[in-house]
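>>> sequence? don't have it. structure:
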């Protein structure tokens, strides 16, 4: 039938125009649908790419950091030591033999002349030439130790008047409110205290050496007669038992049988290499760290060089430095530590002011040079540094860093130059 429009018939030309227009509209609709579909696909693809990037591209690496600080640096010497009763006496085996009876245990109180041990000597040892040689050597060593202690005491006593004068001068400066007077007075007080402590220690050393001389001489006299079936040992001083040998165990010539002293009057003895003799001095501050106990302050009381014993394992021939350290904390903080307790000692041997310092954990090796990772704009930047004095915890930086810069602590293999990092606290 003819194409109708408003009840009127239309011509073929008009009809073709309308059909073409309808076809164009359908084409445009289809084209828009394809464009929309492609846009949706592109958006989906972009989202997928973003998701994959979020999954596979690493984020900032979490790190711990420390700031470069300007301040004072304490150069320290670290060493292991042992607590030891300051005034103690060691009873030793005059000949080889066996400890027969020991009526005491560690911690028991003893008084002067009390029987503390019974020793069964080996009869064959009385005829061994090495026994007499050892006793003569021990007698000579004890005599030398006694003379040295008495001489040192005389020399120490000679400086008491000077120390008192220094203390009076420091008191006068405090009275006039002079700058630094309080520090000088404290130093003078410490020096005076150390002098009297040293004199007491020398008196005890002379007494212990005198006992050694008497014991060696008595043993030499006994060698001239028949071997006794039992050797009775008496306490030369009052105190408490610090250590005892095992009953029934064969003991060699000179072996320790029993130690007597005051376990509440302790000091720390450190032995280190001979070079420390030139670094450590009486009066230097010490931080003492016994196991499972809070850190305690101390002071160096005495430093001496011990020459090598030809029979010892010291192959350097230079000997060792023996450092006696006294506790500076209240007695109730350390009196219960006991004898022969391990203690870590950190001795402050020098103090340097106005230096840049940073944690030693920040250091790493870059070939032959020292380096650190500095955090700048959220990224790790490797930087070469020049180091000064250092210890196991802190290093002085002479060049390469500025105050307040952040450095990465313990950088692992994932930290590279330019890597994104984030500080965690």
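It's in. Small disclaimer: the values here were computed from a predicted structure and weren't measured.
>>> ok, which stretches of the stretch 151-300 of the chain are strands?
For the stretch 151-300 of the chain, the strands defined by DSSP state E, counting those that start in this stretch occupy 231-234, 239-244, 250-251, 256-261, 266-273, 285-290, 296-306.
>>> each with direction, which strands does the shortest one pair with?
Same thing as strand 250-251. strand 97-101 (antiparallel) (DSSP bridges).
>>> show me the contact partners of the strand it pairs with.
Applying Cβ atoms under 8 Å, 6 or more residues apart in numbering, the contact partners of strand 97-101 are 117-122, 125, 230-231, 245-251, 257. (Glycine included, C-beta is placed from N, CA and C.)
>>> buried residues, it. List them.
Within strand 97-101, the residues that qualify as buried are 97, 98, 99, counting by 16 or more other Cβ atoms under 10 Å.
>>> tell me how far the first one lies from residue 196.
I take that to be residue 97. Taking Cβ to Cβ, to the nearest Å as the measure, residue 97 falls 41 Å from residue 196.
>>> so residue 385 touches residue 402, yeah?
No. If you go by Cβ atoms under 8 Å, residue 385 and residue 402 don't touch, sitting 11.1 Å apart.
>>> so which of the two has more stuff around it?
residue 385 (22 against 10; other Cβ atoms under 10 Å).
>>> from residue 67, how far off is the more buried one?
With Cβ to Cβ as the criterion, residue 385 and residue 67 are 15 Å apart.
>>> what segments of the chain are helices?
12-56, 129-158, 160-175, 181-223 (DSSP state H).
>>> what's the burial count for the closest residue to residue 411 other than its chain neighbours?
Of all residues not flanking residue 411 in the chain, residue 373 sits nearest, at 5.1 Å (Cβ to Cβ, 6 or more residues apart in numbering). Burial of residue 373 is recorded as 24 neighbouring residues (other Cβ under 10 Å).
>>> what residues are up against residue 373?
362, 364, 380, 381, 382, 383, 407, 408, 411, 415, 417.
>>> what residue ranges in the protein score low on pLDDT?
Scanning the chain for pLDDT under 70 picks out 1-11, 26-27, 30-32, 50-58, 174, 177-181, 308-318.
>>> isn't residue 299 up against residue 326?
Yes. Judged on Cβ under 8 Å, residue 299 makes contact with residue 326 at a distance of 5.7 Å.
>>> please enumerate the shared neighbours of those two.
residue 194.
>>> higher neighbour count, those two?
A direct count of neighbours by other Cβ under 10 Å for residue 299 and residue 326 places residue 326 higher, at 21 against 18.
>>> count of neighbours near the residue nearest to the more buried one when sequence neighbours are not counted?
Leaving out its chain neighbours, the residue that sits closest to residue 326 by Cβ to Cβ, 6+ apart is residue 301, at 4.7 Å. For residue 301, the count of nearby residues is 20 (other Cβ under 10 Å).
>>> for the nearest residue to residue 329 once chain neighbours are set aside, give me its contacts.
Closest residue in space to residue 329, ignoring its immediate chain neighbours: residue 296 at 4.6 Å, by Cβ to Cβ, 6+ apart. With contact taken as Cβ under 8 Å, 6+ apart, residue 296 is in contact with 287, 288, 289, 290, 327, 328, 329, 333, 334.
>>> run the last query once more with 7 Å
By Cβ atoms under 7 Å, 6 or more residues apart in numbering, the contact set of residue 296 is 288, 327, 329, 333, 334.
>>> and stretch 368-387, how far from the chain's centre?
Centroid separation between stretch 368-387 and its chain, computed with Cα atoms, centre = their mean, to the nearest Å, is 27 Å.
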